[in-house]
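[1] Pasting the sequence and the predicted model now:
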Amino acid sequence: MKRSFFLPVFIAGLAAAASFSGSLEIQVRGVYSGSAGGFELQPVYAGSLLFSESWGDFYLDSALFPGWNLATRELWAGISKLELGYDAGSLAAGIGAAPETLTLMRLLPPFSLTAPRTDFAPGLWGGWLELSAAPSGRLRLALRSVAGTATGVLRLDGGVLAADYRLSAVYGPAPAPAAFGVGLSATLADWLVYGEVWGLLRESDLWRGALGVSRYLAGGLLAVEAAYAASPSLAAAYSWQPAADWSADALARLTLPQGAPAVYDVSARLTYAGGPGDVTLGLGLSSGGAGVVWLPSLTARVYY
C-alpha cells in the first residue's frame, strides 16, 4: 500500500473497530505567491474520531483530529480531548487531555495556553477539579502540562448584576506562563458585548486586552473584535446560512506591528452540506514578509 493512503485507511479502520463517529476529510490547499514565483498544492488527509461513554456519574470522552500534510510531510495526532471524568453537578473532575479555555474572545484571543489552530482546539495533559461556588459561580482548578512544565490554572465563572464574569490565573515555572485575567460579557439590546484584560507577569509588555461585539444581522451572525497583544489588531467575521444545505462565512483580520508594515488576512468559504458529507470551497489572501499570498482550497468531508 502506498504511504499516501496509509492515514485515511488507518482512520477508517480504527473508526470501524471502535464504533466511533466522526469524519474523513481530504483537503487540497493552494499557495500562490508572486514574489516567491510560483504555485504550490498541499494535499491534506484529515479526520475526526469522536467517542463518548458514561457509567453513572463517570464518563470517557475523546475528540481526536489526526491529519497529514503530504506536501510538508507534517503528521499530527490532533488530540483535543482524551479524558476520563466524573460529573455530579456540584462537583466534577477529570484526568487526561483537554483544552483549557480562558479567553472570551472568538477571533483575537489576547492570551492562550496553546498556539492557535483553525482545525481543532489542542488539548493539554493533566487533571482538573470543578466546584459550584453558588452564589459566586463555578470554580475550576487545573494542573496542566504547558511547554513541558506543570502549570496551575485557576478560573472562576459567575454573574454579577446583568453581566457574566470570568476571573483567571495561570502560573508555572518558566518557560510556562504566569498571567492573570479578568473578562466580562453582557447583552445590550440586540448586541452581546464582551471584553477582557490580561497581565503577563514575565513579559516586558505587561498588559494585553480585547473588546468585542456580536449580533445577528441580515440573517447571519456578525462579530467584530479589537485587541492589543504586543501590537493592536482588528478582526470581523460574518457567517450566513441562506438555505438548509448552504452556508457561507468570511473573516478579515488586520494587525499593526510597531515599526513594521500592516499585516492582514482575508478569507471566505462557501459550503454545501448534503447527504453524508459536505464540500467547502475557500479563498484567502494574506500579506507578510513574502508579499501577498493567495490561498485557495477545496475540502471534501464524509461523516460516519
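    Sure, I can see it.
[2] okay, CA-based contacts and neighbour counts for the rest of this
    Noted.
[3] what helix or strand does Thr103 sit in?
    Using DSSP states H and E, Thr103 sits within no helix or strand.
[4] so who does it touch?
    Residues near Thr103 by Cα atoms under 8 Å, 6 or more residues apart in numbering: Pro109, Pro110, Phe111, Ser112, Gly183, Glu196.
[5] ok, now Thr149?
    Contacts of Thr149 by Cα under 8 Å, 6+ apart are Gly172, Pro173, Ala174, Pro175, Ala176.
[6] ok, the contacts of Thr103 vs Thr299, which is closest?
    Distance to Thr299 across the contacts of Thr103 (Cα to Cα) is lowest for Pro109, with 26.5 Å.
[7] related to what we said a few turns ago, buried ones among the contacts of Thr149?
    Gly172, Ala176 (16 or more other Cα atoms under 10 Å).
[8] And the furthest pair within the contacts of Thr149?
    Greatest spacing in these, by Cα to Cα: Gly172 and Pro175 (7.8 Å).
[9] Show me the shaky parts of the protein.
    The chain contains residues with pLDDT under 70 at 1-20, 34-37, 134-135, 289-290.
[10] which residues in the stretch 1-150 of the chain form strands?
    Shown for the stretch 1-150 of the chain, the strands assigned by DSSP state E, counting those that start in this stretch span residues 21-33, 38-55, 58-64, 67-69, 74-76, 79-87, 91-98, 124-133, 137-146, 149-160.
[11] Of the ones you listed, which is nearest Val279?
    Taking Cα to Cα, strand 21-33 is the member of the strands of the stretch 1-150 of the chain nearest to Val279, at 9.7 Å.
[12] From the contact counts, what lies against that closest one?
    The elements that strand 21-33 packs onto, with contact taken as 3 or more Cα pairs under 8 Å, 6 or more residues apart in numbering; DSSP states H and E, are helix 6-18, strand 38-55, strand 291-303.
[13] Parallel or antiparallel, which strands does that strand pair with?
    Using DSSP bridges, strand 21-33 pairs in its sheet with strand 38-55 (antiparallel), strand 291-303 (antiparallel).
[14] how many other residues sit next to the residue nearest to Gly96 when sequence neighbours are not counted?
    Excluding the flanking residues, the one nearest Gly96 by Cα to Cα, 6 or more residues apart in numbering is Glu83, at 4.5 Å. The number of residues packed near Glu83 is 21, by other Cα atoms under 10 Å.
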